[in-house]
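Participant: The amino acid sequence is not available; the structure is as follows:
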């Protein structure tokens, strides 16, 4: 869809607002055209037979009333039309937000956050201006041009009108060339602003790392370079937009000189009255606005076209995960994976390869393995962030693709390793999973997540605002608040993606005990590098290079003396070394020998 088609559809949906504004603009144009004609009549009356004072006062009064009417109508149409044009911005931002919520990781891997923010601000503003200011100026300028030129030709003198039009073809050619330059410059300016926006977002997010690594000076230098590039692009756009004015000024100067020369000769030859020439001169002055309006409209339209060229691909991008399932009720039965495989784009090896397991309702599955083994990939498939390359995931006997995304994700509570907290109170962050939850429910799940004592120590307790991304809290506190939020959701499946990595062993065991008490009818999948977090799981999968290399209970895996057993011994030894309860030297040597 082109920008023209978008604007046409919008105008059709808001036809009454545009039509009423057009009627008001028509009234303005008629009054504007009437005024110079009235001035010409008064000049001829004063130069010729004269006019009585009462009649002069009456004629001047009519002109004052017309001026007041023009002012009132201009205020009215601006209020009417701008209010309508702003709706387009609202609609586009709502479409963009809805589109972003439908997209998965594959989409965001190709997009920059700052650039998406720029689309929601500057680019949509440019399209909105094309729907409001540009359309109004275009209609007003065109209407004024047609009425003024028609009056000049029919009422005053057609010969002078033709002389006036002589420089206009050259001005139109200049406008065409300038508009092409404005389009290219506007597109580059919007791109540079997106890059600058992305850099600002990245810098603010990573400020702690920049300070810790001593990269603030180099970051400032890079930001200054981006700022300079963005400013140059904006100045280049303004420079080309400013080129419209000289083109108009030169054309109108040529037209004015031609009219004065030829019109003066006609008056000398007594073929034109002085009042008619005066009226024509005033009409010629009124043509300046339509010419400037043409340049302004072209500039705004090219800005809008450049912005729409960036915005449309994002709005029309197909969702990376199709939401065409028909089943709307949340699943509750067993979760079954059959020969599950996923191959990420632009990777040479499979992230998951032939994984098979069954998780019954109310049971716990542990996922362990070295970094890059495929644990997080399995969770991404369960959340339908990605679609499997091969194999099948079924829940309650139904493939996951047959569930509506809202229904599927409503049945899953996910706690990532780096949870996101919003800049609201602790209570609001926990209640995001269930906005209508009572304070008693919020405090109950906080106790289950072993974070109630920490919250009590905050300045305002549960009403303490945590700051952006929970910056005022520790990593362990953020993880436990996220766990409380997941428990409050009371979903059928709880996913813990290394969500206990930032808490100590004692707190971990307290949380796991609470989970065992609270998981009645709820399935749990725990991903962890700390094996103590999955020791009580009903089934444990050991993944390596995307494959399941070991499977069983904690005791069974220790008996196999494979990777799981060696990692368990190593982690137990490390825990003993970190505690005060150290083993004897001989026992320590035996432990090391067992691990080796």
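Facilitator: Arrived safely. Note that the structure is a prediction, hence the values are computed from the model and not measured. Numbers count the residues shown, from 1 in each chain.
Participant: Residue 455 contacts residue 461, correct?
Facilitator: Yes. Counting by Cβ atoms under 8 Å, residue 455 does reach residue 461; the two are 6.0 Å apart. Where you see a C-beta, it was placed from the backbone N, CA and C, and this is true even at glycine.
Participant: These two: who's more crowded?
Facilitator: residue 455 (25 against 14; other Cβ atoms under 10 Å).
Participant: Could you pull out the buried residues of the helix or strand where that one lies?
Facilitator: Using DSSP states H and E, residue 455 sits within helix 452-456. In terms of neighbour count (16 or more other Cβ atoms under 10 Å), helix 452-456 has its buried residues at 452, 454-455.
Participant: circling back to that earlier point, which neighbours do residue 455 and residue 461 have in common?
Facilitator: residue 426 (Cβ atoms under 8 Å, 6 or more residues apart in numbering).
Participant: Need the pLDDT of residue 593.
Facilitator: pLDDT recorded at residue 593 is 46.
Participant: which non-adjacent residue is nearest residue 157?
Facilitator: residue 272 (6.0 Å; Cβ to Cβ, 6 or more residues apart in numbering).
Participant: buried ones in stretch 164-172?
Facilitator: So for stretch 164-172, counting by 16+ other Cβ under 10 Å, buried means 164, 167-168, 171.
Participant: Among the residues you listed, which one lies nearest to residue 550?
Facilitator: Ranked by distance to residue 550 (Cβ to Cβ), those are led by residue 171 at 79.9 Å.
Participant: my guess is that closest one is in a strand, correct?
Facilitator: No. Looking at residue 171 with DSSP: H, G, I helix; E, B strand; the rest coil, it is helix, so not inside a strand.
Participant: contacting residues around it?
Facilitator: 247-248, 250-251, 291.
Participant: Are any of those buried, and if so which?
Facilitator: 247-248, 251, 291.
Participant: still on that earlier bit, from the contacts of residue 171, which ones fall inside helices?
Facilitator: 247-248, 250-251, 291 (DSSP state H).
Participant: from these, which has minimum pLDDT?
Facilitator: For these, the pLDDT minimum is residue 248, 72.
Participant: For it, which non-adjacent residue is closest in space?
Facilitator: residue 291 (4.3 Å).
Participant: pretty sure the one you found contacts residue 255?
Facilitator: No. Using Cβ under 8 Å, residue 291 is not in contact with residue 255; the gap is 9.6 Å.
Participant: Which stretches in the protein count as strands?
Facilitator: 335-342, 352-359, 364-368, 390-395, 398-399, 412-415, 493-497, 523-527, 539-544, 547-552 (DSSP state E).
Participant: List of residues touching the shortest one?
Facilitator: Just to be clear, that refers to strand 398-399. Contacts of strand 398-399 (Cβ under 8 Å, 6+ apart): 327, 331, 392-393.
Participant: that older thread, distance of the residue nearest to residue 248 from residue 509?
Facilitator: 79 Å (Cβ to Cβ, to the nearest Å).
Participant: from the contacts of residue 171, which two are the most distant?
Facilitator: Based on Cβ to Cβ, the longest span within the contacts of residue 171 runs between 250 and 291 and measures 10.7 Å.
Participant: Which neighbouring elements make contact with whichever helix in the chain runs longest?
Facilitator: Longest helix in the chain, counting residues (DSSP H): helix 53-102. Under the contact definition 3 or more Cβ pairs under 8 Å, 6 or more residues apart in numbering; DSSP states H and E, helix 53-102 sits against helix 15-47, helix 124-129, helix 135-151, helix 288-316.
Participant: got the buried residues for the second one?
Facilitator: Along helix 124-129, these residues count as buried under the neighbour rule (16+ other Cβ under 10 Å): 124, 126-129.
Participant: Looking at those, which one is closest to residue 465?
Facilitator: The closest of those, once distances to residue 465 are taken by Cβ to Cβ, is residue 124, at 29.9 Å.
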